[in-house]
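Trainee: Need a 3D model of the sequence below.
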Amino acid sequence: MSELLFEIFCEEIPAGMQAKAARDLADGLSAKLAEAGLKPDGVQHWVGARRLGVAMTGLPAKAEDVREERKGPRVGAPDRAVEGFLRGAGLDSLDQCEQREDKKGAFWVALIDKPGRATTEVLREAVPAIIQGFHWPKSMKIGEGDKAQRWVRPIQRLVCVYAGDVVPVEVFGLVASNITEGHRVHGRGPFEVISLADYTAKLEGEGHVVLEAEARKRLIMDGATRACADAGLELVEDQGLLNEVCGLVEWPVPVLGEMDPDFLDLPPEVITLTMKTHQKYFAVRDPKTSKLSAHFVTVANQDAPDGGKAIAAGNSRVLSARLSDARHFWDNDRKAPLSQMVDQLSKITFHEKLGTVADRLPRYQGLIRGLSSYLNVDATQACRAAELAKADLVSEMVYEFPELQGAMGRYYALEQGEDAAVADAIKAHYKPQGPSDTVPVEPVSAAVALADKLDTLVGFWAIDEKPTGSKDPFALRRAALGVIRILLSTDARVPFKAVLGSAIQLFRKQLGQNFGSGFNEDDLLAFFADRLKVHLRDEGIRHDVIDAVFALGDDDLVRVTARSRALQAFLDTEDGTALLAGFKRATNILNKTENMPEGHHDPAAAVEAAETGLMTALAEAGPKAKTALDTEDFTAAMAALAQLRAPIDEFFEAVTVNSDDDMLRRNRLLLLSDIRKAISGVAEFSRLDG
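Mentor: Reported below is the predicted structural model:
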């Protein structure tokens, strides 16, 4: 058992592509070796700005020899059949075969010995195949002819060392060696390596390369936090930026810089986004005020002789230029009233089949008027917010920084005297944009956010642009989850079918024949049901539980959710499990019954004690459950039904439903039917598993 060390050393790999590339390389190499019967004890991979690496421990020198048995024709079969069998097995004569017997008689079996291939031989084939077929989101062609490369950036070296010896695999005209390079400034090398331990020691020592991404992240965070603390400041953490910067440096050295404080009058989002997007700087705040400080942290890729002063000064000048551009956009946008920006929305196409962004505004307002009574919102105020919600899409600032849509509109609205609730709704109506994003709960914000998402869903459903498999180009799953989270967070009791119907009518009124004739409202409702399942999955609520509740025909998602939670909690108890079993047993009997009688059971016709006991329990539990359901106390409804558990068990133990006495049989079937109806008032138990 030996160790494999493999590295691809190239020019800078884009940070966003690094992590997946490292996994793909390790998985690809593991798969190729596994195909040859080679399996290591352990695999690790690493990635940096200029290298992808994989190491495997416990990798055998060759695959095990394999004896394959191949069944052939019957003994005494025609010569042509025997010759074809031998030819297919690669054998010369039947002397290399054995006779075996089964129930039908004797037959030939070819014994084919396949020697295991050497690991180095497998690597010579596997490495070129992996590199030449490697998938990058974007790649480039380098060179011409046999040495032409198709790779993310030009490959400069390959390292392939197995058991201390070089495996001279060749690809793109490059032959692998045991030579690698370190940091461009602090320790370029080259370095000769014979093992992973040797490779790690030399690169992280003389080479000044921190190989592991997590180690680089810790150095960045620790250094940046310490630099800020030494100045009495606080780092504004940003995990996305940390991940990106980690992929840009091999020897990270955080440096605290200072910018012109005059720029602090810009909106803080503009400052932080300018730093992040254009310069990859971390923002810094004053812990005393919690406001941004006139400082930033940049991450250098070297230990500067002056401690980073020149680096900080240079970065400050570049940042000033960027922020000067941002100030120009900010000042220009504030010269135009939002109403003027709204007028320009007719120039922005939302979708070729659904019209412009301006076309959406009347639909927003129509939806808001329909939602207003359920959300307890001032419809006039919410309609004003909807009118201005997309205005900043034509602003210079949002053109430069699309991430600021909504946020800039809020600033412009406040400057121009709009109500705070209107301004806040402009910013919040895009939310929530992911599972960890906040949900708009203020009435005006919630109304505009719901209108935006419902309009999007109905529109794309109408033109048959639904999510398929893993593809969801218009983020409709996210929009549906957003609607669900807003309704649940605001406890908004919305009749969903009616609201969707209003949205459909608004589209038909505006688009006429261009609105899809094949629109299926039930299909869209089923889509929401699926999204609700996803949302409640983390709470441990089973899919079949939600199906059982939806089967009642309820379209109030708040009530559906509350009922589902109560039902799941009940089913998790012993009473719930037993009652479900009893329900299914009763249903099976009723489903097998021909000419099912109509009406209700007669307590006076009972003759067995268990029969009477179940009727008495139903007479008590049924009304309790119904009263609880009417007041939406679903936990109490489940508790009432739990009283039926023991009487149902006793009934099935002691009573024969299909009695020879027709009157008894009829009454007992009607009793089971009444039990089923009482339980089905809570949920359609027949949809439940178990």
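
Trainee: Looking at the chain, which helix is longest?
Mentor: Assignment by DSSP state H gives helix 309-335 as the longest helix of the chain.

Trainee: for that helix, what is the average pLDDT?
Mentor: Averaged across helix 309-335, the pLDDT comes to 94.

Trainee: Give the buried residues for that helix.
Mentor: Within helix 309-335, the residues that count as buried by 16 or more other CB atoms under 10 Å are 311, 312, 315, 316, 319, 322, 323, 326, 329, 330, 333. Backbone N, C-alpha and C define where each C-beta goes, glycine included.

Trainee: again, but for stretch 193-200
Mentor: Residues 193, 195, 196, 198, 199, 200 are the ones in stretch 193-200 that count as buried (16+ other CB under 10 Å).

Trainee: what helix or strand is the fourth one on?
Mentor: Using DSSP states H and E, the element containing residue 198 is helix 196-204.

Trainee: tell me what that helix is packed against?
Mentor: strand 2-10, strand 191-192 (3 or more CB pairs under 8 Å, 6 or more residues apart in numbering; DSSP states H and E).

Trainee: Tell me which other helices or strands the next helix or strand after the longest one touches.
Mentor: Spelled out, that is strand 2-10. Using DSSP H and E, the helix or strand that follows strand 2-10 in sequence is helix 15-35. Packing contacts for helix 15-35, counted by 3+ CB pairs under 8 Å, 6+ apart, involve strand 42-48, strand 51-59, helix 119-132, helix 239-246.

Trainee: Can you lay out these as JSON lines showing mean neighbour count, distance to residue 622 and mean pLDDT?
Mentor: Formatted as JSON lines, the helices and strands packed on helix 15-35 follow (neighbours: other CB atoms under 10 Å; distance: least, CB to CB, whole Å; pLDDT from 0 to 100):
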{"stretch": "strand 42-48", "mean neighbour count": "19", "distance to residue 622": "62", "mean pLDDT": "96"}
{"stretch": "strand 51-59", "mean neighbour count": "21", "distance to residue 622": "67", "mean pLDDT": "96"}
{"stretch": "helix 119-132", "mean neighbour count": "18", "distance to residue 622": "68", "mean pLDDT": "93"}
{"stretch": "helix 239-246", "mean neighbour count": "17", "distance to residue 622": "55", "mean pLDDT": "95"}
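
Trainee: of all these, which lies closest to residue 506?
Mentor: Closest to residue 506 of the helices and strands packed on helix 15-35, according to CB to CB: helix 239-246, at 37.4 Å.

Trainee: pretty sure residue 266 contacts residue 326?
Mentor: Yes: between residue 266 and residue 326 there is a contact at 6.1 Å, judged by CB atoms under 8 Å.

Trainee: Where does residue 134 sit, in terms of helix or strand?
Mentor: Assigned by DSSP H and E, residue 134 falls within no helix or strand.

Trainee: mind listing what residue 441 touches?
Mentor: By CB atoms under 8 Å, 6 or more residues apart in numbering, the contact set of residue 441 is 486, 489, 490.

Trainee: go again using 6 Å as the cut-off
Mentor: Contact partners of residue 441, counting by CB atoms under 6 Å, 6 or more residues apart in numbering, are 489, 490.

Trainee: How about the secondary structure of it?
Mentor: Secondary structure, DSSP: H, G, I helix; E, B strand; the rest coil: residue 441 is coil.

Trainee: now residue 438
Mentor: coil.

Trainee: Against which helices or strands is the helix or strand residue 486 falls within packed?
Mentor: Here residue 486, judged by DSSP H and E, is contained in helix 476-490. Secondary-structure packing of helix 476-490 (3 or more CB pairs under 6 Å, 6 or more residues apart in numbering; DSSP states H and E): helix 443-462, helix 521-537, helix 557-571.

Trainee: Could you check the angle that helix makes with helix 443-462?
Mentor: 150 degrees (axes from the mean of the first three to the mean of the last three CA atoms, to 10 degrees).
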